[in-house]
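1. Got a predicted structure here, sequence first:
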Amino acid sequence: MPKVPLWVFIVLAIVYFTSVRVDVMDIDASQYAEIAREMMESGSYLQVYDKGVDYLDKPPFLFWVSALSMKVFGVNNFGYKFPSILFALWSLFATYRLARILYGENAGRMAALILGCCQGMFLWTNDIRTDTILMAWTITAIWLIKEWDVSGKIKYLLLGSGAIAFGMMTKGPVALMVPVFCLATDWALKREWRKFLKPEYLLCLAVIGILLVPMSIGLYQQFDQQPNKVIDGQTGVSGLKFFYWTQSFGRLTGENVWSNNAPFRFLFENMLWAFLPWILLFVAALILNIVGLFRQGFKLSEGQEWLTTGGFILAYVALGSSRYQLPHYIFIAFPLCAIMVAKLLKDFFEGKYGRFFSAMKVVQVLLGGLILIAALLTFVHVFEGSGWVYVAWAASVLVWLFVLLNHRVKGKILLGSAAAIIGANVILTNHFYYELLEYQAGSQLAEVINERKIPSAEIKSYKPEDALECMHFYVQHHVKLEYTTELLDTTQYVITAANGLGDLDKSGIKYDVLHKDGYFKVSELTPDFVNPQTRRNVLKDIYLLKLR
């Protein structure tokens with residue numbers, strides 16, 4: 001069985017940190033960045049505001065750490081992304097420690113590499129949201145509580161409880177439910193009923209409750225204590241109820257108004273790309289584990305575990321039953337998936353499933369080749385690349401071939417797939433995403449505003465036809481949106497689109513065009529945009545004007 005060298009994780013960390021070259025993406029990531037900037041500026045850490053308006057959606061932990069980071073590193077990409085990248089790396093360590101308990105040192109390193117090299121991790125170190133930190137806290141809690149389960153040392157239970165609390169401060173009760181799903185399934189299938197009722201759990205609840213007090217006080221003061229506030233068109237909104245019930249469980253009961261009617265298969269369909277290049281190995285591991293449990297009469301034997309498989313299944317059922325789903329919701333379970341794949345690879349390397357192993361080695365080689373070809377197309381067909389991109393791609397292919405063809409390299413199915421996905425994402429992060437963000441209206445306007453040293457307080461927007469979320473972050477000011485041309489008379493600078501330009505002409509307002517550019521919603525790619533020949537047809541013009 002191969003032992004993954006530590007330098008591979010150093011390379012992985014470097015690739016993650018290159019994402020700071022890429023601007024934050026609209027809408028969610030840039031909104032969170034602006035909230036954190038406002039928090040840093042105002043010093044209001046318990047009561048959260050978005051452009052001066054009460055914010056009631058995500059818990060505040062991402063905003064806290066991002067605000068503190070920006071205090072140190074400044075209001076920029078690095079300042080916002082740094083904490084989340086650190087948490088991404090920490091999740092690899094926690095996954096390694098849990099897998100090491102379950103299957104040994106080498107399996108632990110394989111699990112960490114599998115998680116670190118899935119496509120979703122590369123994406124979410126570019127497009128920073130709450131789920132990266134949530135995943136880190138959740139797998140940390142599962143690892144630490146499993147340490148307590150094995151060693152009996154109470155410190156691990158208390159630390160695991162702290163991780164649950166911080167996970168809840170990141171994205172709500174799901175950070176508690178997933179560890180419960182994992183451990184309860186494992187104990188039930190092992191018939192370890194005594195573990196369900198232990199006095200130590202009172203300490204666990206006490207730690208969670210104490211750590212949640214500051215956030216709860218902020219919620220109570222901002223919302224419950226002021227029932228006359230209008231939140232999403234409603235009064236009497238309870239911040240405590242929203243965070244501890246409506247935001248999570250309300251998506252099952254219908255109390256949460258958000259709904260996109262995503263089908264139960266939605267999250268799995270998105271795993272097909274997000275868990276590349278390991279998705280086929282994961283499906284195989286999942287099926288083998290389920291079939292094996294049926295054959296054993298739903299009872300585990302010595303040395304087996306269902307913490308990972310059971311935790312994934314129950315988490316998927318809960319998340320997939322929600323009335324509102326987004327692709328990244330399943331990321332919380334990716335560490336469990338990585339450990340399942342590591343266990344399957346461990347079985348392969350120990351001589352099990354011989355013919356199946358041979359077939360999967362071929363499949364993974366083909367998958368790695370397709371991934372590198374897809375990376376090639378991003379700078380040959382989508383965004384024309386400069387010389388360094390061709391060199392980087394050629395080097396990636398050479399490394400991949402070296403791993404596959406060198407007889408001294410063990411575990412080619414693992415290291416070959418990792419080499420392919422890392423090489424591809426060097427190009428995706430430093431070329432594709434970088435070029436893509438050139439079409440994001442907010443960041444491009446902010447660059448012009450900052451270069452020309454235009455006072456951001458003198459700018460307003462009128463019918464911009466784009467959220468412009470990241471612009472507020474980069475100009476470090478909330479650019480006010482006006483709804484009538486009459487309120488633009490005292491404004492020196494205006495951001496608008498074609499319809500707004502027509503209104504200004506009808507109103508007789510004179511202006512000079514300082515900047516005009518074509519933009520696109522970069523988080524919603526379409527074939528017409530990806531194709532350079534039809535791209536201009538789907539771009540919308542946005543203008544920066546100076547009123548006379």
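-> Done, it's in.
2. Break this structure into its domains for me.
-> As assigned by automatic domain parsing, the chain contains the domains 6-211+261-349, 354-438, 440-547.
3. quick one: the strands in this protein?
-> Taking DSSP state E as the criterion, the chain carries its strands at 49-50, 53-54, 459-462, 480-482, 493-497, 511-519, 540-547.
4. ok now do the residue nearest the centre of the chain, which residues does it touch?
-> Nearest residue to the geometric centre of the chain (CA atoms, centre = their mean): residue 124, 3.9 Å. Shown in contact with residue 124 (CB atoms under 8 Å, 6 or more residues apart in numbering): 84, 88, 131-132, 328, 331. Bear in mind the C-beta positions are built from the backbone N, C-alpha and C, glycine included.
5. any idea which of these is closest to residue 182?
-> residue 331 (15.6 Å; CB to CB).
6. That closest one reaches residue 274, doesn't it?
-> Yes: using CB atoms under 8 Å, residue 331 makes contact with residue 274 at a distance of 7.3 Å.
7. Name the helix or strand of this structure that has the lowest mean pLDDT.
-> Every helix and strand of the chain was ranked by mean pLDDT, DSSP states H and E. The lowest is helix 250-253, at a mean of 62.
8. Lowest-confidence one in the contacts of residue 124?
-> Confidence by pLDDT is poorest for residue 328 among the contacts of residue 124, given 85.
9. State the number of residues packed around that one.
-> When neighbours are defined as other CB atoms under 10 Å, residue 328 has 22 of them.
10. shouldn't it be in contact with residue 128?
-> No: using CB under 8 Å, residue 328 makes no contact with residue 128, being 11.1 Å away.
11. burial count for the closest residue to residue 299 other than its chain neighbours?
-> Leaving aside its chain neighbours, residue 299 sits nearest to residue 189 (6.4 Å; criterion: CB to CB, 6 or more residues apart in numbering). Using other CB under 10 Å, residue 189 is surrounded by 19 other residues.
12. what separates the nearest residue to residue 537 once chain neighbours are set aside from residue 374, distance-wise?
-> Spatial nearest neighbour of residue 537, excluding adjacent residues (CB to CB, 6+ apart): residue 528 at 6.3 Å. Here residue 528 is placed at a distance of 19 Å from residue 374 (CB to CB, to the nearest Å).
13. and if you look at residue 457?
-> Taken as CB to CB, the span from residue 457 to residue 374 is 45 Å.
14. And for residue 449, the neighbour number?
-> 23.
15. if I look at it, how far off is residue 51?
-> 17 Å.
16. Residue 79 too?
-> Residue 79 is 19 Å from residue 51, by CB to CB.
17. neighbour-wise, which of those two wins?
-> Neighbours were counted for residue 79 and for residue 51 using other CB under 10 Å; residue 79 has more, 22 against 16.
18. quick one: pLDDT of that one?
-> 96.
19. cool, residue 51 as well?
-> With respect to pLDDT, residue 51 has a value of 88.
20. Also residue 394?
-> 96.
21. burial measure for it, as a count.
-> So residue 394, with other CB under 10 Å, has 12 neighbours.
22. Equivalent analysis for residue 462, please.
-> Counted with other CB under 10 Å, residue 462 comes out at 23.
23. And residue 46, by the same measure?
-> 16.
24. and if you look at residue 207?
-> The number of residues packed near residue 207 is 19, by other CB under 10 Å.
25. pLDDT (mean, whole number) over stretch 360-371?
-> Here the average pLDDT along stretch 360-371 is 96.
26. Tell me which residues of it come out buried.
-> Counting neighbours by 16 or more other CB atoms under 10 Å, one finds that the buried residues in stretch 360-371 are 360, 363-365, 367-369, 371.
27. In helices, which of those residues fall?
-> 360, 363-365, 367-369, 371 (DSSP state H).
28. In JSON lines: the residues you listed, plus distance to residue 397.
-> Formatted as JSON lines, those follow (distance: CB to CB, whole Å):
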{"residue": "360", "distance to residue 397": "22"}
{"residue": "363", "distance to residue 397": "19"}
{"residue": "364", "distance to residue 397": "16"}
{"residue": "365", "distance to residue 397": "13"}
{"residue": "367", "distance to residue 397": "15"}
{"residue": "368", "distance to residue 397": "10"}
{"residue": "369", "distance to residue 397": "9"}
{"residue": "371", "distance to residue 397": "11"}
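29. Show me which pair in the residues you listed is furthest apart.
-> Going by CB to CB, the pair spanning those furthest: 360 and 371, at 15.9 Å.
30. what helices or strands is the top helix by length along the chain leaning on?
-> The residue-count maximum for a helix in the chain (DSSP H) belongs to helix 77-103. For helix 77-103, the packing partners by 3 or more CB pairs under 8 Å, 6 or more residues apart in numbering; DSSP states H and E come out as helix 6-17, helix 61-73, helix 105-116, helix 119-124, helix 130-151, helix 334-349.
31. and the last one with helix 105-116, angle?
-> This points to helix 334-349. 130 degrees (axes from the mean of the first three to the mean of the last three CA atoms, to 10 degrees).
32. Near residue 232, how many other residues are there?
-> 9.
33. ugh, wrong one, residue 456
-> That count, for residue 456 with other CB under 10 Å as the rule, works out to 17.
34. So for it, what's the nearest residue that isn't a sequence neighbour?
-> residue 477 is the one closest to residue 456 (CB to CB, 6+ apart), at 3.7 Å.
35. give me phi/psi at that neighbour?
-> phi -160, psi 140 (degrees, to the nearest 10).
36. quick one: low-confidence ranges for the chain?
-> Confidence mapping of the chain against pLDDT under 70 gives the ranges 250-259, 489-490.
37. that older thread, what's the distance between the residue nearest to residue 456 and residue 459?
-> Residue 477 is 8 Å from residue 459, by CB to CB.
38. Between the two, which is the more surrounded one?
-> The neighbour comparison of residue 477 against residue 459 (other CB under 10 Å) goes to residue 459, with 22 against 19.
39. How about the contacts made by the nearest residue to that one once chain neighbours are set aside?
-> The shortest distance from residue 459 to any non-neighbouring residue, by CB to CB, 6+ apart, is to residue 493 (4.4 Å). By CB under 8 Å, 6+ apart, the contact set of residue 493 is 454, 458-460, 514, 544-547.
40. can you do 10 Å?
-> Contacts for residue 493 were tallied using CB atoms under 10 Å, 6 or more residues apart in numbering; they are 449, 452, 454-461, 479, 511, 514, 544-547.
41. picking up where we left off before, which stretch among the strands of the chain comes nearest residue 137?
-> The closest of these to residue 137 is strand 49-50. By CB to CB, the value is 23.2 Å.
42. picking that back up, gap between the residue nearest to residue 456 and residue 447?
-> For residue 477, the distance to residue 447 - CB to CB - is 15 Å.
43. Residue 167 too?
-> For residue 167, the distance to residue 447 equals 36 Å [CB to CB].
44. Give me the more crowded residue out of the two.
-> Comparing residue 167 with residue 447 by other CB under 10 Å, the one with more neighbours is residue 167, at 29 against 16.
45. Counting neighbours, what do you get for the residue nearest to the more buried one when sequence neighbours are not counted?
-> Leaving aside its chain neighbours, residue 167 sits nearest to residue 175 (2.6 Å; criterion: CB to CB, 6+ apart). For residue 175, the count of nearby residues is 27 (other CB under 10 Å).
46. check contacts around the nearest residue to residue 205 once chain neighbours are set aside.
-> In this structure, residue 205 finds its nearest non-sequential neighbour in residue 161, 7.8 Å apart by CB to CB, 6+ apart. When contacts are counted by CB under 10 Å, 6+ apart, residue 161 touches 141, 144-145, 148, 176, 179, 200-201, 203-211.
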